[in-house]
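1. Here is a sequence together with a model predicted from it:
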Amino acid sequence: MRLSFNPLYGAILLACLSHSAHAVVVPLTADVNSSATNVGSAISINIGSGSKALFNFDLSTLPSGITSSDVAKATLVFYVKTIPSSGKIQASPITQTWSEGTVTTAPTQGAAAASSATISRANSYFAVDVTNLVLDWVDNPANNNGLVLEPDASTTNTSITLDSKEALQTSHPAYLEIALKGPAGAVGATGPTGPQGPTGATGLTGATGSTGPQGPTGATGLTGATGSTGPQGPTGATGLTGATGSTGPQGPTGATGLTGATGSTGPQGPTGATGTTGPQGPTGSTGATGATGSTGATGSTGPQGPTGSTGATGATGSTGATGATGPGVPTGGTANQVLSKIDGTNYNTQWVTPSSGSGGTAVYNASGTSLSSAHIVVGTIAITFATTTTINFSGSAQFTNIPVCTVSEYDATTTPHLFKVVSATATSVSIRNTNGSVNSTAAYHCIGN
């Protein structure tokens with residue numbers, strides 16, 4: 001089953017997955033919102049004017065010896081139930097200890113360390129990159145007093161409601177997704193189940209609880225068939241081409257002038273005073289080489305005949321008017337593109353590529369780059385106590401990269417059932433029922449591309 005999901009959640013989770021990293025889900029230990037009276041047992045958490053969400057997580061689930069240099073990415077994931085007013089939220093570290101069962105006003109906090117994208121879609125998962133906070137908590141455990149979520153400084157009117165860990169019917173508690181560098185280590189052996197404590201004394205009957213939450217939304221009906229494509233509009237007629245003007249006649253070529261006559265060569269006489277240079281005489285027979293006589297003067301060049309005049313160029317005919325462009329469909333376009341109007345002018349259209357996805361919201365990373373092929377695989381499975389079960393993905397459910405998978409209890413009973421993800425690959429996920437004596441059903445969901 002393929003579902004659409006929030007762009008921010010998809011972008012952050014997909015960005016932190018790689019073949020050289022594995023993810024660890026850190027459980028939530030406390031969640032509540034600030035209020036005039038303590039609301040630690042409420043099934044929802046309000047974020048808005050005068051109300052902040054407080055979360056605390058147990059990092060002891062990380063492998064022993066982990067330092068900040070081993071952490072590749074840390075993401076806070078939470079489920080938004082309702083959105084009275086859309087906007088952004090920001091995350092800040094809490095700087096003093098607090099208790100879910102007693103806290104009222106918000107404890108002291110540090111400067112904002114992370115901010116989300118705009119949250120505008122209810123009943124969806126969202127996420128915030130809190131890597132810098134987790135790096136500090138890993139190296140300095142004493143600083144881990146949790147974090148606070150509140151409206152971002154740029155959208156102070158933001159108002160949203162989250163599912164708390166007490167909302168057992170929907171099972172959408174917040175959690176930390178920490179991607180560690182290097183391959184995952186082998187799963188350790190399951191420790192023995194501790195002895196059951198003695199039954200406590202029966203407490204006084206509490207006041208009647210408030211009306212339970214609304215049941216889950218029914219499955220979305222099938223998408224109706226796509227209507228047939230309308231006929232293509234007729235191609236506008238091509239305007240007439242203007243007539244070409246006639247070429248003017250070429251003028252006649254002028255006559256070539258006569259070549260002047262060459263003067264005759266005069267005889268060589270004795271060298272004397274240089275007088276007027278006479279004409280060069282004809283060449284005589286070769287005799288004995290004597291003294292070099294003086295060079296005779298070069299005869300003058302005969303006059304060049306006159307160049308004929310160029311004929312006049314004929315006048316160029318005027319260009320005919322261009323015919324108006326008829327309405328119709330623009331040429332070009334590629335497979336899967338559609339026509340979109342540019343403005344209100346009739347027939348003023350262009351080819352565009354539709355947004356990715358199958359009816360859901362497009363997925364982007366923080367730089368605005370579209371991410372394709374992202375999807376979620378969800379389901380339930382019955383698991384015998386103290387055993388591990390593997391769910392194999394098939395067909396479109398398979399991923400290209402290793403997905404992020406989480407698991408929670410599906411059937412509500414009086415005995416707590418503990419599940420954990422043992423391992424995940426692009427084609428399967430393995431889940432273990434760590435309860436030592438009770439069979440139970442787990443709900444899982446995996447997200448990736």
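-> Done, it's in.
2. Any buried residues in stretch 29-47, and which?
-> 30-35, 39-40, 42-47 (16 or more other CB atoms under 10 Å). The C-beta positions use only the backbone N, C-alpha and C, and glycine is treated the same way.
3. Where does confidence bottom out across those residues?
-> Note: of those, the lowest pLDDT belongs to G40, at 89.
4. what about the helices in the stretch 51-200 of the chain?
-> Counting by DSSP state H, counting those that start in this stretch, the stretch 51-200 of the chain has helices at residues 131-139.
5. Need the pLDDT of N336.
-> 61.
6. Among the buried residues of stretch 29-47, which lie within strands?
-> A30, D31, V32, N33, S44, I45, N46, I47 (DSSP state E).
7. Just the buried positions in the helix or strand that Y444 is a member of, please.
-> Per DSSP states H and E: Y444 is located in strand 440-448. Neighbour counts over strand 440-448 (16+ other CB under 10 Å) mark S440, A442, A443, Y444, H445, C446, I447, G448 as buried.
8. Was I right to think the fourth one contacts T380?
-> Yes. Using CB atoms under 8 Å as the test, Y444 is close enough to T380 to be in contact (7.5 Å).
9. can you pull the contacts of the closest residue to L147 other than its chain neighbours?
-> Among residues not flanking L147 along the chain, A91 sits closest, at 5.2 Å (CB to CB, 6 or more residues apart in numbering). The contact partners of A91, by CB atoms under 8 Å, 6 or more residues apart in numbering, come to L76, A112, A113, A114, S115, V128, V130, L133, L147, V148, L149.
10. Tell me the spacing between N144 and F399.
-> 32 Å (CB to CB, to the nearest Å).
11. coming back round to it: just the pLDDT at the residue nearest to L147, thanks.
-> 96.
12. With T95 instead?
-> At T95, pLDDT is 96.
13. pretty sure it contacts G110?
-> Yes. Here T95 reaches G110: they are 5.5 Å apart, a contact under CB under 8 Å.
14. which one of those two has more residues nearby?
-> G110 (15 against 12; other CB atoms under 10 Å).
15. So T400: helix, strand or coil?
-> Here T400 is coil, with the state taken from DSSP: H, G, I helix; E, B strand; the rest coil.
16. Need the distance between the two termini of stretch 111-122.
-> End-to-end distance of stretch 111-122: 28 Å, with CA to CA, to the nearest Å as the criterion.
17. So which bits of it are buried?
-> Buried-residue list, stretch 111-122, by 16+ other CB under 10 Å: A113, A114, S116, A117, I119, R121.
18. The fifth one contacts I89, doesn't it?
-> Think I119. Yes. Judged on CB under 8 Å, I119 makes contact with I89 at a distance of 6.7 Å.
19. anything in contact with each of the two?
-> T158, I160.
20. Show me which strand runs longest in this protein.
-> Per DSSP E, the chain has its longest strand at strand 71-85.
21. Would you enumerate the residues in contact with the nearest residue to R432 once chain neighbours are set aside?
-> Closest residue in space to R432, ignoring its immediate chain neighbours: T388 at 4.3 Å, by CB to CB, 6+ apart. When contacts are counted by CB under 8 Å, 6+ apart, T388 touches V422, S430, I431, R432, N433.
22. any idea where the strands of the stretch 251-400 of the chain begin and end?
-> In the stretch 251-400 of the chain, the strands defined using DSSP state E, counting those that start in this stretch lie at 338-341, 349-352, 363-364, 370-371, 375-383, 388-392.
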